[in-house]
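Asks: Got a predicted model here, sequence first, then my questions.
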Amino acid sequence: MSSPAPYKIPIIDLRAQYRQIRDEVRQAIDEVNESQQFILGPAVKRFEKQMAAYLRCTHAVGVASGSDALLLALMALGIGPGDSVITTTFTFFSTVSSIVRLGAKPLFVDIDADTYLLSVDGLGKLLEARGRPRDGQTVDLETGLRIRALLPVHLFGQCCAMNELTALARKYHFQIVEDVAQACGARASVGDKERFAGTIGALGCFSFFPTKTLGGFGDGGLIATHDAEVAEKLEMLRMHGERAKYHHEEIGINSRLDSLQAAVLSVKQKYIEEWCEQRIQRAETYRRLIDESELVGKRLIGIPPLSKDKSHVFNNYVIRATRRDELKQFLAEQGIQSEIYYPLPLHLQNCFASIGYKPGDFPQAERAASQVLALPLYPELTRQQQELIVDKILAFYRS
């Protein structure tokens with residue numbers, strides 16, 4: 001038996017969620033067990049169709065993880081040596097490792113100070129200074145590499161400015177691969193339409209890690225696309241590049257969504273709209289409580305914006321705080337778990353030193369890394385728990 005969490009209020013309480021859907025989940029798992037079809041069986045096909053219908057996209061391809069989704073998406077676009085992919089340095093490791101693994105080079109842009117998302121203004125300035133579109137492609141004048149793709153991250157559940165990003169993609173002839181690992185269920189406005197995050201670019205990459213807005217009972221991922229040829233290629237690449245058994249057209253990888261995970265996710269997907277709404281409600285409660293405490297502007301530097309239209313579904317509730325590390329330790333001593341996403345931007349990670357960036361290159365990302373703190377947030381979080389969390393934050397700063 002696993003030991004109980006040491007926190008009175010964990011960063012996420014998956015046991016509370018499971019109690020609500022236990023019978024449905026167990027029935028779905030039993031059906032897979034009875035079928036004994038564990039690899040790309042009916043449960044996976046059913047979930048893929050379910051997600052495509054929900055996202056209103058043509059194709060959804062289940063894979064083994066969100067990290068693999070990013071890697072396979074870039075593989076499907078043929079990205080490799082001689083190419084660069086623009087992305088943010090303030091994100092989870094696999095956003096950038098997927099680029100480097102293929103022999104391409106990440107080209108970083110700083111973040112917006114208020115949203116933590118890739119800065120549209122920074123991207124525009126980078127492309128204007130270094131990008132020269134010609135003959136249907138854009139070459140980076142500084143490196144000589146082709147700028148093949150943009151990988152925006154819908155961080156913490158909040159959508160990037162897709163209108164502006166798609167306009168730049170058209171002007172500079174690159175594809176958009178959306179990292180939707182933290183934002184399943186979020187929407188973005190594109191033109192006069194509202195579309196799901198992950199269905200606006202050429203490909204959208206989802207993670208079903210247990211802590212996500214839609215999380216499985218282990219690793220899992222999915223790639224959304226409107227392109228039938230790309231979907232067919234993804235299905236081949238996730239099976240070692242195999243179209244017919246033991247006949248390999250390309251060097252793919254082994255990355256298949258397990259039937260057991262698909263069965264669990266099919267049950268949980270039916271609740272995602274309700275759960276996202278509850279996350280937004282709890283974010284609104286945090287805002288009211290923090291506003292009443294008058295912490296912002298004194299000890300808290302900033303809190304997330306409100307979201308009525310599901311442009312932010314609050315996979316995480318991230319504040320910016322002075323004395324952040326001390327606050328985190330104090331909350332832990334009070335039985336309240338918090339997390340730092342992310343303590344070190346990727347351009348400063350040792351494994352990416354060869355890319356050539358240095359401290360000070362992306363000041364907004366570096367500043368955020370020293371200030372951000374994620375508070376507990378999940379659909380089952382009670383108002384009383386939120387009041388206690390804010391009271392303890394206030395007590396810390398008063399002391």
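Replies: That came in fine, so what should we check first?

Asks: Can you show me the CA trace of the host helix or strand of N33 as CSV?
Replies: Using DSSP states H and E, N33 sits in helix 14-35. Below are the C-alpha coordinates for helix 14-35, written out as CSV (Å, rounded to 0.1, in the frame of the first residue of the first chain):
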residue,chain,number,x,y,z
LEU,A,14,-6.6,12.5,-7.6
ARG,A,15,-8.2,10.2,-5.0
ALA,A,16,-11.1,12.7,-4.6
GLN,A,17,-11.6,12.6,-8.4
TYR,A,18,-11.4,8.8,-8.5
ARG,A,19,-14.1,8.4,-5.8
GLN,A,20,-16.6,10.1,-8.0
ILE,A,21,-16.0,7.9,-11.1
ARG,A,22,-14.8,4.7,-9.5
ASP,A,23,-17.5,2.4,-10.8
GLU,A,24,-17.4,3.7,-14.4
VAL,A,25,-13.6,3.4,-14.5
ARG,A,26,-13.6,-0.1,-13.1
GLN,A,27,-16.2,-1.2,-15.6
ALA,A,28,-14.2,0.2,-18.5
ILE,A,29,-11.0,-1.5,-17.3
ASP,A,30,-12.8,-4.8,-16.8
GLU,A,31,-14.1,-4.6,-20.4
VAL,A,32,-10.5,-4.3,-21.7
ASN,A,33,-9.3,-7.1,-19.4
GLU,A,34,-12.1,-9.4,-20.7
SER,A,35,-11.2,-8.5,-24.3
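
Asks: what's the helix or strand following it packed up against?
Replies: Counting by DSSP H and E, the element after helix 14-35 in chain order, helix or strand, is helix 42-55. With contacts defined as 3 or more C-beta pairs under 8 Å, 6 or more residues apart in numbering; DSSP states H and E, helix 42-55 has these neighbours: helix 14-35, strand 59-63, strand 221-225, helix 259-269. All C-beta atoms are positioned from the backbone trio N, CA, C, and that covers glycine.

Asks: Pipe the ones you listed into a markdown table and attach mean neighbour count per row.
Replies: Converted to a markdown table, the helices and strands packed on helix 42-55 look like this (neighbours: other C-beta atoms under 10 Å):
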| stretch | mean neighbour count |
| --- | --- |
| helix 14-35 | 14 |
| strand 59-63 | 27 |
| strand 221-225 | 28 |
| helix 259-269 | 23 |
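
Asks: can you put these in TSV and add mean pLDDT and distance to Q337?
Replies: Below are the helices and strands packed on helix 42-55 laid out as TSV (pLDDT from 0 to 100; distance: least, C-beta to C-beta, whole Å):
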stretch	mean pLDDT	distance to Q337
helix 14-35	97	13
strand 59-63	98	30
strand 221-225	98	25
helix 259-269	98	22
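
Asks: Helices along the stretch 51-200 of the chain, start to end?
Replies: Taking DSSP state H, counting those that start in this stretch, the helices of the stretch 51-200 of the chain run over residues 66-76, 93-101, 120-130, 162-172.

Asks: Any chance you could list what contacts the third one?
Replies: Looking back up the chat, that one is helix 120-130. 86, 107, 109-110, 112, 138, 140-142, 147, 150, 161, 164-165, 168, 171-172 (C-beta atoms under 8 Å, 6 or more residues apart in numbering).

Asks: Likewise for the last one?
Replies: Helix 162-172 is contacted by residues 118, 120, 123-124, 127, 131, 133, 138, 147, 150, 152, 175-176, 188-191, 195, 200-201 when judged by C-beta under 8 Å, 6+ apart.

Asks: Try it again at 7 Å.
Replies: Residues outside helix 162-172 that contact it (C-beta atoms under 7 Å, 6 or more residues apart in numbering): 120, 123-124, 127, 131, 133, 138, 147, 150, 152, 175-176, 188-190, 200.

Asks: Let's have the helices and strands packed on helix 42-55 in JSON lines, adding distance to L394.
Replies: Below are the helices and strands packed on helix 42-55 laid out as JSON lines (distance: least, C-beta to C-beta, whole Å):
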{"stretch": "helix 14-35", "distance to L394": "26"}
{"stretch": "strand 59-63", "distance to L394": "44"}
{"stretch": "strand 221-225", "distance to L394": "39"}
{"stretch": "helix 259-269", "distance to L394": "35"}
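
Asks: Of all these, which one is nearest L234?
Replies: The closest of those to L234 is strand 59-63. By C-beta to C-beta, the value is 4.5 Å.

Asks: And the contacts of helix 162-172, which of them are buried?
Replies: The neighbour-count test (16 or more other C-beta atoms under 10 Å) marks 120, 123-124, 127, 131, 138, 147, 150, 152, 175-176, 188, 200 as buried among the contacts of helix 162-172.

Asks: which one of the residues you listed is nearest D361?
Replies: L123 (15.0 Å).

Asks: Can you check what pLDDT the model gives that closest one?
Replies: L123 is assigned 98 on the pLDDT scale.
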